[in-house]
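S.K.: Whatever this is, show me its structure:
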Amino acid sequence: MATTQQQTDTLQLQRTFAAPPERVWEAWTSAEAMSRWFRPADDYACTVHALDVRPGGRYRLELTHAPKGVRHVVSGTYEAVEPPRRLAFTWRWEDNPAMPDTRVTIELRPRGGGTELTLTHTRLAEEKLREDHRHGWTRCLERLAGAL
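M.R.: Numbers count the residues shown, from 1 in each chain. As a prediction, the model looks like this:
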């Protein structure tokens, strides 16, 4: 998986999946699918409380660390929904109100029989935020690869 930082507030990850873009799209837009892969490790569970995938629609995901019972909730609004190639949404950790809204864009491109995914997360003003999100996104994308 390639990692680049185009700007100081931007994190970008690329990964190729052995599945067509429609299948990868479904993994990002189906509550059932997201609950299976959207977590950084096996000892987390993901509960999808809302997933209204349309421009202006909202999502809300709860990540629970099973051994400790620690909960983290992320929510936001879909800004762009262009199946099966582009999804953009705001990103806010509800348990960290000091962190400003950030923005995530998922771009899918056919590559052979698979899909190249580019994830761009912007407005991450601090290096620690970029590194924390890089780690989390990398782990989630690894789980996504295993779920496809």
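
S.K.: dump the residue contacts of the closest residue to Arg85 other than its chain neighbours.
M.R.: With C-beta to C-beta, 6 or more residues apart in numbering as the measure, Leu108 is the residue that lies nearest to Arg85, at 5.2 Å, once sequence neighbours are left out. No exception for glycine: its C-beta is placed from N, CA and C like everyone else's. Taking C-beta atoms under 8 Å, 6 or more residues apart in numbering as the criterion, Leu108 is in contact with 21, 24-25, 84-86, 115-117.

S.K.: And those residues, which of them are buried?
M.R.: 21, 24-25, 84, 115-117 (16 or more other C-beta atoms under 10 Å).

S.K.: Take those residues and keep only those in strands.
M.R.: With strands defined by DSSP state E, the entries of those inside them are 115-117.

S.K.: Now render these as CSV, adding distance to Thr90.
M.R.: Formatted as CSV, the entries for these read as follows, by distance: C-beta to C-beta, whole Å:
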residue, distance to Thr90
Thr115, 24
Glu116, 24
Leu117, 19
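
S.K.: For stretch 54-72, list every residue counted as buried.
M.R.: Residues 58-61, 63-64, 72 are the ones in stretch 54-72 that count as buried (16+ other C-beta under 10 Å).
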